[in-house]
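J.: here are the coordinates; sequence isn't available:
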C-alpha cells in the first residue's frame, strides 16, 4: 500500500517540464488515450482464410516504443526527451523470448492473441499489439509492437490504510538494462516490521523459458530466504513444467482483536517443493494439465523475546511432508476491453472456465510428524451477460484430513459484477464470503481497513467466517494531466462482518458499514503500481475509539 516510487520520480520530472512550458494549462487538461491501436491492413485476408490456406509465418518485425513518443508534438518537451534518453529501452531479444510463435511455423491467430496477453502481463510494458501486416506467396509477416514504461525506481514512498502508515526506501528496476530482469534493494517499515530486502528475478534465463528468482529479507523480527528455479506452463500449448523452490522464513506473528495486538510468537518456517506437470496442449479450446510433485513444510513456534504481549499458549509444532498429484483444466476464452479494472489501458478479461484440484498424502515415511490427506480445489468462471454487463465468479477450498476430521479448512466464494450503464460510468459490485473450521492456531480470519472495510482500523474483526460486500460507482475520464496519469473517481460503500470465536476469542462487534469517495490515478509511464488510490472513508457505526473518517493512500493493481 504505497505510492509508487517511480511514479513520484517521473511525476516530478514531467510536472517540472510542464510548468516550464508556456502551454502549461493545455498540458493540465490534455485528453487522449494511449493504447496501441495498430490497424490491420484492410486488404489482408481474414484469420480463418489465412489458416485455411495453410499460411506460414514469414518475417517478424519488433517495434519497441519508448516511454514518450517524440513524434508527437505534445511529447517533445526537453525533460520528456531526457526521460527517454535516460531510460534503457527493452532489448529486442527480451521481447523475442516471450513470443509464442516463430518464422516458418503455421499461422495461428490464437497464438498471436495469447502472445499479446503474455506481453501485457509484463510490468515493464504498457501495452502490446501483435498483428499480421503482409501476406504474399503463402507467408504472413507479423508486426509486434510494445510500449515501454519507466522501471527504475529510486526514491521514497508512503502509504496509509486502516489508520496505519507504511514507508519504503527503494532502489528497484523491473527491466534491468532492458533485459526484463528485476533487481531490488529496499528498506520497508510497516505496522508489523522493518525489513531490508535484496531480490533478483529472471523470467527468461539466457533467453530460454526457464525462470529463476532469489530473495533475502532481513527484518526486525527475523529473516527470509527464497530460491526458485522453474520452467512454468508459459502458454496454453506448453507441454511440460517443472519447479524447484526453497523457502526459509523466521518471523513474528501477531494476533489481533479489534485492531489491537493481543499476543505474539515466533514462527520458524522451512518449506521445499519439487514439482512438475505435463500437458497435451490446447485441444478444441481447452488445455488439460496433470501436475505432481513433493512438498515439505515445517513450522516451529517459539516465544518472542522482549515482548509485552507474549502468547499464553504456543501453537504446537507441525511438519507436513507429502507427495501430491493434481490437475488443471483451462478454457481459452478471453476478450480485450478497456476502462474496467484499469484506466486507459488494454485489459484481457477471462470469460472461460478454469477448474483445478490437488490431493496429497502426508506420512511419517516422508518425514512428517502426522498422517494427513491434503486437499486443494479452485474454480473460476467468467460470464459475459451482455455487451454492457459481466460477472466473474471464483471459489477456493483447502483443508487437510487428520484422524478422520478436517483441519485448517478454508472455503471461500467470491463474485464481481460490472455494468457499464454509461460510456464512462461503470457500476461495480463485489461479494466475498469465507468459512473456516479448525484453523491452525497461528492463522486468523480478519476483516478491516486493509482488506475491504475502508472506514475502519486494519485487522479490526476476527472470527471463523467472514462476509464482505462492496459497491462502487466508478467514473473514468479522458483527463490526462501532463500526459502522465489517467484520472478517475469512485463513490463507494462497504459492508461486512465476521462471525464465530477465533483462536483468541470473539471480536465481532456486528455488521460494519462505511461510505466514501476517492480518486484514481492510472499510471501510464511507470511499471511499479498501476493505479494510485486516494480514498476518504467514513464509518457508519458509532463505536467508541473509531475515528470519524479514514484517509487511505494505496497503490493497487486495479481500479
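T.: Noted; the coordinates are in hand. Since this is a predicted model, take the numbers as computed values, not measurements.
J.: show me what contacts residue 442?
T.: Residue 442 makes contact with 253, 265, 267, 299, 301, 315, according to CB atoms under 8 Å, 6 or more residues apart in numbering. (Glycine included, C-beta is placed from N, CA and C.)
J.: need the contact list for the fifth one.
T.: With CB under 8 Å, 6+ apart as the criterion, the residues that contact residue 301 are 265, 266, 267, 268, 314, 315, 316, 317, 442.
J.: hang on, the third one packs against residue 299?
T.: Yes. Between residue 267 and residue 299 there is a contact at 5.8 Å, judged by CB atoms under 8 Å.
J.: Poorly predicted segments of the stretch 201-350 of the chain, please.
T.: Of all residues in the stretch 201-350 of the chain, none has pLDDT under 70.
J.: other SSEs contacting the host helix or strand of residue 116?
T.: Taking DSSP states H and E as the definition, residue 116 sits inside helix 109-120. Judged by 3 or more CB pairs under 8 Å, 6 or more residues apart in numbering; DSSP states H and E, helix 109-120 is in contact with helix 47-52, strand 125-136, strand 139-148, strand 346-350.
J.: And these: which comes nearest residue 372?
T.: strand 346-350 (32.9 Å; CB to CB).
J.: which element is the residue nearest to residue 318 when sequence neighbours are not counted on?
T.: Spatial nearest neighbour of residue 318, excluding adjacent residues (CB to CB, 6 or more residues apart in numbering): residue 299 at 4.9 Å. Using DSSP H and E, residue 299 sits within strand 286-303.
J.: quick check: angle from the first helix or strand past that strand going along the chain to strand 286-303?
T.: For strand 286-303, the following helix or strand on the C-terminal side (DSSP H and E) is strand 318-331. Orientation check (axes from the mean of the first three to the mean of the last three CA atoms, to 10 degrees): strand 318-331 against strand 286-303 gives 160 degrees.
J.: And for residue 283, the neighbour number?
T.: Using other CB atoms under 10 Å, residue 283 is surrounded by 11 other residues.
J.: Equivalent analysis for residue 73, please.
T.: Neighbours of residue 73 (other CB under 10 Å): 8.
J.: Relative to residue 36, how far out is it?
T.: Distance, residue 73 to residue 36, using CB to CB, to the nearest Å: 19 Å.
J.: Isn't residue 108 up against residue 100?
T.: No. Using CB under 8 Å, residue 108 is not in contact with residue 100, being 9.1 Å away.
J.: Name the residue in these two with the higher neighbour count.
T.: residue 100 (22 against 18).
J.: Surely the more buried one and residue 111 touch.
T.: Yes. Taking contacts as CB under 8 Å, residue 100 lies within contact range of residue 111: 4.9 Å.
J.: circling back to that earlier point, I'd like the helices and strands packed on helix 109-120 written out as a markdown table, with distance to residue 202 added.
T.: A markdown table is the format used below for the helices and strands packed on helix 109-120 (distance: least, CB to CB, whole Å):
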| stretch | distance to residue 202 |
| --- | --- |
| helix 47-52 | 34 |
| strand 125-136 | 17 |
| strand 139-148 | 19 |
| strand 346-350 | 24 |
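J.: Reformat the ones you listed into a markdown table and put mean neighbour count and distance to residue 454 next to each item.
T.: Formatted as a markdown table, the helices and strands packed on helix 109-120 follow (neighbours: other CB atoms under 10 Å; distance: least, CB to CB, whole Å):
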| stretch | mean neighbour count | distance to residue 454 |
| --- | --- | --- |
| helix 47-52 | 14 | 45 |
| strand 125-136 | 19 | 28 |
| strand 139-148 | 21 | 33 |
| strand 346-350 | 17 | 24 |
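J.: nearest to residue 524, of the ones you listed?
T.: Short answer: strand 125-136, nearest of these by CB to CB, at 6.4 Å.
J.: List the contacts of that closest one.
T.: 34-41, 44-45, 50, 55, 58, 61, 90, 107, 112-113, 115-116, 119-120, 140-149, 345-346, 524-525, 527.
J.: let's see 7 Å
T.: 35-36, 38, 40-41, 44-45, 50, 55, 112, 115-116, 119-120, 140-149, 345-346, 524 (CB atoms under 7 Å, 6 or more residues apart in numbering).
J.: Please work out the average pLDDT along that strand.
T.: Mean pLDDT, computed over strand 125-136, is 94.
J.: Tell me the secondary structure at residue 74.
T.: helix (DSSP: H, G, I helix; E, B strand; the rest coil).
J.: returning to what we had before: the helix holding residue 116 vs strand 139-148, what angle?
T.: Going by the same axes, to 10 degrees, helix 109-120 makes 20 degrees with strand 139-148.
J.: what comes up buried for helix 109-120?
T.: Across helix 109-120, burial judged by 16 or more other CB atoms under 10 Å covers 110, 111, 112, 113, 114, 115, 116, 117, 118, 119, 120.
J.: and what of stretch 537-552?
T.: 537, 539, 546, 550, 552.
J.: can I get those residues in CSV with pLDDT, secondary structure and distance to residue 470?
T.: Output for these, formatted as CSV (pLDDT from 0 to 100; DSSP: H, G, I helix; E, B strand; the rest coil; distance: CB to CB, whole Å):
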residue, pLDDT, secondary structure, distance to residue 470
537, 95, strand, 11
539, 95, strand, 15
546, 85, coil, 19
550, 88, strand, 15
552, 86, strand, 14
